[in-house]
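Engineer: Quick one: sequence and predicted model below, then my questions.
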Amino acid sequence: MKNRVFFYNAVILTVSSVIIRLFNIWFRTLISGLIGASGMGLYQLIFSIFALGIILCTSGIGFAVTRLVAEGHGTRHAVRLCLGCALSLSLAASAVLFFGADFIAAKWINSPSAAYPIRLLMPGLPFISVCACLRGYFIAIRNTVVPVCGDFLEQSATIGATLILLKLVSPMEALMLGSTLGEVISFLYMVLLYRIFIRRKNFPKRKAEPVFGRIIHIAAPVLGGTFLRGLFGSVENILIPRGLRKNGSDAQSSLAQYGVMQGMVMPILLFPSAFLSSLAVLLVPEMAEANAAGNQKTIQRAAARSIRFTLAFSFFVTTLLIVFADDLGMAFYHNTQAGTLLRVMAPIVPLMYLDSVVDGMLKGLDQQFYSMTYNFTDSIMRVLLVATTIPAAGMKAYIAILFLSEIFNASLSINRLLKVTSLEVDITGWILTPAVAAALLYYVLILARRILFSGV
């Protein structure tokens, strides 16, 4: 029965994630047509700053709710305490973005006009923080329908509001206002469903437990690691266009190159991971529950299956991206550079996807401090490399940095998981078999293309 529920929830999360990401790619295609590659670069820079606020008020607290409930501490008091912490952090982040928008736009983004879009995004943070906590609760009790419907509602409201606002305001303002309105709609839905749920499902009303210390223990490393990584990521995103300008590109060209990589290539590269994102999310409560019960065999079995499936899937995706990179770049963005960069980046997919799944398992096993340390070290390394190598070698240096970073971070995380679970590496089953199958698929697809399009 438990395996059936896990499979059911995995299917729901996977299907919804795929659909939402498809809509997101379509939406980005529409956006890129309106604001161009350089506009996409500015759009990405603005959202990289806003992402810091989202990280501050969601990453640690939402995860703490999931862990507390999965471990049996899911009282109404605990959830309310988490909501209070999230709201406090979101208000602090909102204040920083509001009062610091002019400085951030002028000094960090190097575009004073970005201050107004930042302020348009800022009001959405409190709504995002509440939704993150409630989503964490529903995931912990294995109810994926409620948060999935919330995601669909937010995406639909965001796209719909943006399309309407495009007729009234500038494209950039429409994007920011549409995003904020989508978050408000999602908030109203999640709060309503949460209140209905606790009334009908007999939410535990046990005596309030002293869980604040437990919340700090769980949330602080995740929040600290994710925020520092986001902070350094924002610094990195700001340094990339500057480095490209020092390498010889003008301001518009540097933003365009950055926009192609971050706004076009990365969404396609990460889109197939939608099939694995549900696995990473659902493994947190499963691992937490098994770890609390001291069930080492269950942990080992779940970890081995997850690694095997993730690598098999990611090798398959790598082959498809290499073969059809040019077609994807033209189909979505009518951009040949996007296809070229997509093919170059495809080989890192197995480590990229596996790192995400392993990170979820480590958090479920109370190893969030190690994840924080790895992410922090990796972020410092990336910023230093971006600052020193891109001015000399341009986009080639950035691609090399992405590969080195993923290898470094994934290797540390995988090694920690193997140590904690006492799991032995199955080289044949995990690596050799899917790699050989992917190589054979590559030659089959190449031959099929030649037969179909060359008349051979």
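Structural biologist: Structure's in. What do you need?

Engineer: just for the stretch 251-400 of the chain, where's the confidence low?
Structural biologist: In the predicted model, the stretch 251-400 of the chain carries pLDDT under 70 at residues 251, 278-282, 284.

Engineer: any idea where the helices of it begin and end?
Structural biologist: Counting by DSSP state H, counting those that start in this stretch, the stretch 251-400 of the chain has helices at residues 251-259, 266-270, 274-292, 296-333, 336-345, 349-364, 368-393, 395-421.

Engineer: Mind telling me what element residue 424 is part of?
Structural biologist: Using DSSP states H and E, residue 424 falls within no helix or strand.

Engineer: circling back: of the helices of the stretch 251-400 of the chain, which is nearest residue 65?
Structural biologist: Distances from residue 65 to each of the helices of the stretch 251-400 of the chain were compared using CB to CB; the shortest belongs to helix 274-292, at 10.5 Å. No exception for glycine: its C-beta is placed from N, CA and C like everyone else's.

Engineer: Just put the helices of the stretch 251-400 of the chain in JSON lines and tack on distance to residue 119 and mean neighbour count.
Structural biologist: Putting these into JSON lines (distance: least, CB to CB, whole Å; neighbours: other CB atoms under 10 Å) gives the following:
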{"stretch": "helix 251-259", "distance to residue 119": "21", "mean neighbour count": "22"}
{"stretch": "helix 266-270", "distance to residue 119": "26", "mean neighbour count": "19"}
{"stretch": "helix 274-292", "distance to residue 119": "31", "mean neighbour count": "21"}
{"stretch": "helix 296-333", "distance to residue 119": "29", "mean neighbour count": "19"}
{"stretch": "helix 336-345", "distance to residue 119": "31", "mean neighbour count": "20"}
{"stretch": "helix 349-364", "distance to residue 119": "32", "mean neighbour count": "23"}
{"stretch": "helix 368-393", "distance to residue 119": "27", "mean neighbour count": "18"}
{"stretch": "helix 395-421", "distance to residue 119": "30", "mean neighbour count": "18"}
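
Engineer: With distance to residue 106 added, can I get those in CSV?
Structural biologist: Formatted as CSV, the helices of the stretch 251-400 of the chain follow (distance: least, CB to CB, whole Å):
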stretch, distance to residue 106
helix 251-259, 14
helix 266-270, 27
helix 274-292, 36
helix 296-333, 30
helix 336-345, 29
helix 349-364, 34
helix 368-393, 20
helix 395-421, 24
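
Engineer: So which of these is nearest residue 231?
Structural biologist: Evaluated over the helices of the stretch 251-400 of the chain, closeness to residue 231 peaks at helix 368-393, with 7.7 Å, by CB to CB.

Engineer: list the contacts for residue 171?
Structural biologist: Taking CB atoms under 8 Å, 6 or more residues apart in numbering as the contact definition, residue 171 lies against 31, 34, 35, 39.

Engineer: distance of it from residue 179?
Structural biologist: For residue 171, the distance to residue 179 under the criterion CB to CB, to the nearest Å works out to 13 Å.

Engineer: Please apply the same query to residue 394.
Structural biologist: From residue 394 across to residue 179, the span is 32 Å (CB to CB).

Engineer: which one of the two has more residues nearby?
Structural biologist: Under the neighbour definition other CB atoms under 10 Å, residue 394 and residue 179 were set side by side, and residue 179 has more, 21 against 18.

Engineer: shouldn't the more buried one be in contact with residue 160?
Structural biologist: No - the pair residue 179 and residue 160 fails to qualify as a contact (CB atoms under 8 Å) at a distance of 12.0 Å.

Engineer: List the ones among the contacts of residue 171 that fall in helices.
Structural biologist: 31, 34, 35, 39 (DSSP state H).

Engineer: Out of those residues, which end up buried?
Structural biologist: When burial is judged by neighbour count using 16 or more other CB atoms under 10 Å, the buried members of the ones in helices among the contacts of residue 171 are 31, 35, 39.

Engineer: Could you export these as TSV, including distance to residue 250 and pLDDT?
Structural biologist: Conversion of these to TSV gives the following (distance: CB to CB, whole Å; pLDDT from 0 to 100):
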residue	distance to residue 250	pLDDT
31	22	78
35	18	76
39	15	76
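
Engineer: Rebuild those as CSV, extending it with distance to residue 108.
Structural biologist: CSV is the format used below for these (distance: CB to CB, whole Å):
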residue, distance to residue 108
31, 22
35, 20
39, 18
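
Engineer: The nearest residue to residue 369 once chain neighbours are set aside and residue 378, how far apart?
Structural biologist: Residue nearest to residue 369 in three dimensions, not counting chain neighbours: residue 221, with 4.4 Å by CB to CB, 6 or more residues apart in numbering. The span separating residue 221 from residue 378 equals 15 Å under the rule CB to CB.

Engineer: Quick one: residues contacting the closest residue to residue 246 other than its chain neighbours.
Structural biologist: Closest residue to residue 246 apart from its sequence neighbours, by CB to CB, 6+ apart: residue 391 at 3.8 Å. Under the criterion of CB under 8 Å, 6+ apart, the contact partners of residue 391 comprise 243, 246, 247.

Engineer: pretty sure the first one contacts residue 393?
Structural biologist: Yep, that's residue 243 we're talking about. No - proximity of residue 243 to residue 393 does not meet the contact threshold set by CB under 8 Å, at 9.2 Å.

Engineer: List buried residues within the contacts of residue 391.
Structural biologist: Of all the contacts of residue 391 considered here, the ones buried according to neighbour count by 16+ other CB under 10 Å are 243, 247.

Engineer: Quick check: residue 329 touching residue 336?
Structural biologist: Yes - distance between residue 329 and residue 336: 6.3 Å, which falls inside the contact criterion (CB under 8 Å).

Engineer: ok, back up a step: just the buried ones among the ones in helices among the contacts of residue 171 now: which is nearest residue 437?
Structural biologist: Distance from residue 437 was checked for each of those by CB to CB. The minimum falls on residue 31, at 36.8 Å.

Engineer: show me what contacts that closest one?
Structural biologist: Applying CB under 8 Å, 6+ apart, we find residue 31 in contact with 39, 40, 43, 171, 175.

Engineer: That one and residue 290: what is the separation?
Structural biologist: From residue 31 over to residue 290 the distance is 43 Å, taken as CB to CB.

Engineer: What of residue 259?
Structural biologist: In terms of CB to CB, residue 259 sits 43 Å off from residue 290.
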